[in-house]
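Novice: Structure here, sequence nowhere to be found:
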């Protein structure tokens, strides 16, 4: 089965609406990862069909929960979930941050080849990024939600929120959140053909009044 057919089959098992243009861009992104992976080892996943599940679907299932307009993707790696989400939401702006040069070289090339004018790649450590005013800060790669929030909370607007893509929910991990933040919502995510659990944590500032 072609990558296009596989992706359409996977999408049909969700409530997502993905256009033909978006399908083609998502496939091109997978093909770029596969090509660069041979030299740069961007991902431990080597097979494009598996990438469709573990990279593409695992990213775009967040789409219905992405209500902000100015989004920061922390620890984006090869552009996940930022690039698939930018393809899904051309009207939103995405800033993708990672400290590793080879990853950001790939992200910049992918942004160029996919003609994504709503994506800004930045090679830096998140704690070194001083300017920013983001409505939503998202990550699927940070080791703990506590570190994720602590290192990037200075970039969040007062009414903004964090979105953390996680597997199983660890109570001790949630307890590591800074005292000014709490998990406002936990949403199980359905990722077709993915073995294991997937959850989306929405983290907000505690009300001080």
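Specialist: The structure has been received and is ready for your questions. The model shown is predicted, which means the values in this text are computed figures rather than measured ones.

Novice: Helices of this protein, start to end?
Specialist: According to DSSP state H, the chain carries its helices in the segments 3-12, 20-40, 48-51, 58-60, 82-88, 101-113, 145-152, 171-174.

Novice: Sort out which residues of the helix or strand bottoming out on mean pLDDT in the chain are buried, please.
Specialist: When the helices and strands of the chain are scored by mean pLDDT, DSSP states H and E, helix 171-174 comes last with a mean of 84. Neighbour-count burial for helix 171-174, with 16 or more other CB atoms under 10 Å as criterion, is recorded at 173, 174. All C-beta spots, glycine's among them, are computed from the backbone N, C-alpha and C.

Novice: what does that helix rub up against?
Specialist: 144, 145, 146, 166, 183, 201 (CB atoms under 8 Å, 6 or more residues apart in numbering).

Novice: For ChimeraX, what selects the buried ones among the residues you listed?
Specialist: Selecting only the buried entries of the contacts of helix 171-174 in ChimeraX, with 16+ other CB under 10 Å as the criterion:
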select :144,145,146,166,201
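
Novice: okay, among the contacts of helix 171-174, which ones form the most distant pair?
Specialist: Taking CB to CB, the two most distant members of those are 144 and 183; they sit 13.0 Å apart.

Novice: How many residues are close by the closest residue to residue 138 other than its chain neighbours?
Specialist: Nearest residue to residue 138, sequence neighbours excluded (CB to CB, 6 or more residues apart in numbering): residue 163, at 4.4 Å. When neighbours are counted by other CB atoms under 10 Å, residue 163 registers 24.

Novice: In this structure, which residue is most central in space?
Specialist: residue 81 (2.2 Å; CA atoms, centre = their mean).

Novice: how close does it sit to residue 135?
Specialist: Separation of residue 81 from residue 135 (CB to CB, to the nearest Å): 16 Å.

Novice: packing partners for the longest strand anywhere in the chain?
Specialist: Identified as the longest strand of the chain according to DSSP state E is strand 156-166. Strand 156-166 makes packing contacts with strand 134-139, helix 145-152, strand 199-205 when contacts are defined by 3 or more CB pairs under 8 Å, 6 or more residues apart in numbering; DSSP states H and E.

Novice: Deepest in the core, which of these is it.
Specialist: Per-stretch averages of neighbours, counted by mean count of other CB atoms under 10 Å, single out strand 134-139 among those, with a mean of 24.

Novice: Run through who's touching that strand.
Specialist: Contacts of strand 134-139 (CB under 8 Å, 6+ apart): 62, 66-75, 81-82, 85, 95, 148, 152, 155-157, 159-165.

Novice: Type out the ChimeraX command that picks the buried ones from those.
Specialist: Isolation of the buried members of the contacts of strand 134-139 (16+ other CB under 10 Å) is achieved in ChimeraX through the command below:
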select :62,66,68,70,71,72,73,74,75,81,82,85,95,148,152,155,156,160,161,162,163,164,165
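
Novice: Pop out the phi and psi values for residue 15.
Specialist: phi -100, psi 10 (degrees, to the nearest 10).

Novice: can I assume it is in contact with residue 64?
Specialist: Yes - in this structure, residue 15 is within contact of residue 64 by CB atoms under 8 Å, at 7.3 Å.

Novice: which of these two has more neighbours?
Specialist: Higher neighbour count among residue 15 and residue 64: residue 64, with 14 against 9, using other CB under 10 Å.
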